[in-house]
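Task: produce atomic coordinates for the following.
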Amino acid sequence: MARAAYGVFSTLDEESGGAGKRIGSTLMGLFSRDRIDAKTPEQLARMRVAGLLVGRTLELLRESVRPGMTTLELDTLAETHIRDHGGIPNFQLVPGYRHTLCTSVNHEIVHGIPGPYVLHEGDLLSVDCGAEVAGWNGDAAFTCVVGGREAGRPEDLALMDDTEASLWAGIAALKVGDSLYAVGAAVEDSLTASGQRRGWEYGIVEDYVGHGIGQRMHMDPQVPNYRVSGKGPKVVEGTTICIEPMVTLGDQDNEVLADDWTVVTSDGSRAAHWEHSIAVTSAGITVLTAIDGGAARLAAVGATYSSLD
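So this is what the prediction gives:
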């Protein structure tokens with residue numbers, strides 16, 4: 001579940017030597033909470049249990065999505081699976097929210113509320129899920145085309161794939177001792193390169209960011225999905241964070257609907273959202289919410305995988 005940004009990030013422009021095009025992007029509040037809560041090996045092992053439950057729940061949902069079902073049916077399926085396997089749907093622990101998933105369709109970016117909406121073939125669906133197991137949390141999301149890739153518009157497939165690729169670029173940028181802000185730079189660079197290859201420019205949503213995770217789902221630090229100025233906090237041994245790029249086919253401007261949760265694109269363009277919970281040690285990276293711990297995709301992007309299993 002994405003976190004609303006409460007800081008002021010200065011994004012770089014070309015004149016200041018940055019690769020980004022935005023100048024002085026202002027987010028809500030004053031950015032100062034950048035403390036990273038390091039985890040011990042024993043704590044990381046517990047987080048892997050929670051992460052695996054989230055990963056397996058999302059795998060079940062990915063296999064179950066079909067035209068004609070409602071988003072509430074998906075939510076019920078997820079809650080049953082999580083509780084049957086010893087977990088608690090941690091989205092339900094967020095004040096004011098009572099569902100297991102966020103289900104965001106087409107122009108909805110994040111925090112869509114499951115309900116009576118009937119999924120149609122060709123819908124672009126983002127599913128965000130979290131679980132708590134024995135006091136430790138996992139959080140992840142994926143985007144899919146309802147009815148399978150063959151039902152998707154070419155531009156939606158590109159958006160979906162390029163957003164996922166940017167997530168893995170951000171994950172690969174994590175290294176103990178380096179700046180956490182390398183993550184956002186890698187995400188943005190990936191999306192910029194993908195857009196250039198396709199002949200368009202993606203909108204990278206700035207108002208919502210990734211976050212730390214551990215004994216609470218939302219913890220410091222914030223993890224921006226785009227290049228920002230400043231060194232930022234250093235990644236330490238046992239860092240656990242969620243990286244979650246939210247990307248649109250149009251402008252990144254957005255608004256919240258009257259339900260006070262659902263975030264939509266202002267221009268009506270479609271959006272994608274991918275997320276994983278990640279642990280970083282000097283031995284390498286573990287994607288806590290990936291079934292294989294991220295081994296295959298990390299190898300593909302040249303990053304070092306470290307097993308907790």
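
which residues in the stretch 201-309 of the chain form helices?
Remark: helices assigned in the stretch 201-309 of the chain by DSSP state H, counting those that start in this stretch are 295-300.

which strands and helices sit next to the helix ranked longest in the chain?
In the chain, assigned by DSSP state H, the helix with the most residues is helix 41-64. For helix 41-64, the packing partners by 3 or more Cβ pairs under 8 Å, 6 or more residues apart in numbering; DSSP states H and E come out as helix 71-84, strand 124-133, strand 136-145, strand 276-281, strand 284-287. For the C-beta atoms, the positions are set from N, CA and C on the backbone; glycine is no exception.

Touching, residue 74 and residue 127? I think so.
Yes: contact criterion Cβ atoms under 8 Å: residue 74 and residue 127 qualify, at 6.9 Å.

hang on, the earlier thing: reformat the helices and strands packed on helix 41-64 into JSON lines and put mean neighbour count next to each item.
Converted to JSON lines, those look like this (neighbours: other Cβ atoms under 10 Å):
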{"stretch": "helix 71-84", "mean neighbour count": "19"}
{"stretch": "strand 124-133", "mean neighbour count": "27"}
{"stretch": "strand 136-145", "mean neighbour count": "25"}
{"stretch": "strand 276-281", "mean neighbour count": "26"}
{"stretch": "strand 284-287", "mean neighbour count": "24"}
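
For the longest helix of the chain, buried residues please.
Neighbour-count burial for helix 41-64 flags 43-44, 46-58, 60-61 (criterion: 16 or more other Cβ atoms under 10 Å).

and what of stretch 83-98?
Across stretch 83-98, burial judged by 16+ other Cβ under 10 Å covers 87-91, 97.

ok, residue 276 - contacts?
Going by Cβ atoms under 8 Å, 6 or more residues apart in numbering, residue 276 touches 140, 167, 171, 242-244, 287-290, 294.

From residue 292, how far out is it?
Noted for residue 276: a distance of 12 Å to residue 292, by Cβ to Cβ, to the nearest Å.

Equivalent analysis for residue 177, please.
Counting by Cβ to Cβ, the separation of residue 177 from residue 292 is 26 Å.

Those two: which has the busier surroundings?
Looking at residue 177 and residue 292 with other Cβ atoms under 10 Å, you find the greater number of neighbours at residue 292, namely 13 against 9.

show me what contacts the more buried one?
Neighbours of residue 292 in contact, by Cβ under 8 Å, 6+ apart: none.

mind running it again at 10 Å?
Residues in contact with residue 292 (Cβ atoms under 10 Å, 6 or more residues apart in numbering) are 55, 298, 305, 307, 309.

so which of those is the most crowded?
Neighbour max across the contacts of residue 292 (other Cβ under 10 Å) = residue 55, 25 neighbours.

from what I can see that one touches residue 140, true?
Yes: counting by Cβ atoms under 10 Å, residue 55 sits close enough to residue 140 to count as a contact (6.4 Å).

Which parts of stretch 228-240 count as buried, going by neighbours?
Within stretch 228-240, the residues that count as buried by 16+ other Cβ under 10 Å are 228-229, 232-233, 235-236, 238-240.

Just name the closest of those to residue 66, please.
Nearest to residue 66 among the buried residues of stretch 228-240, counting by Cβ to Cβ, is residue 240 at 33.8 Å.

which regions of this structure sit below the pLDDT cut-off?
For the chain, applying pLDDT under 70 flags the ranges 6-34.

and residue 85, backbone torsions?
For residue 85, the backbone dihedrals (degrees, to the nearest 10) come out as phi -110, psi 20.

What distance do you get for the nearest residue to it once chain neighbours are set aside to residue 91?
Leaving aside its sequence neighbours, residue 85 sits nearest to residue 53 (Cβ to Cβ, 6 or more residues apart in numbering; 5.6 Å). Using Cβ to Cβ, residue 53 is found at 14 Å from residue 91.

Mind listing the shared neighbours of those two?
Residues touching both residue 53 and residue 91 (Cβ under 10 Å, 6+ apart) are 129-132.

need the strands for the stretch 101-250 of the chain, in chain order.
Using DSSP state E, counting those that start in this stretch, the strands of the stretch 101-250 of the chain run over 101-105, 108-110, 124-133, 136-145, 203-204, 208-212, 219-223, 239-243, 246-248.
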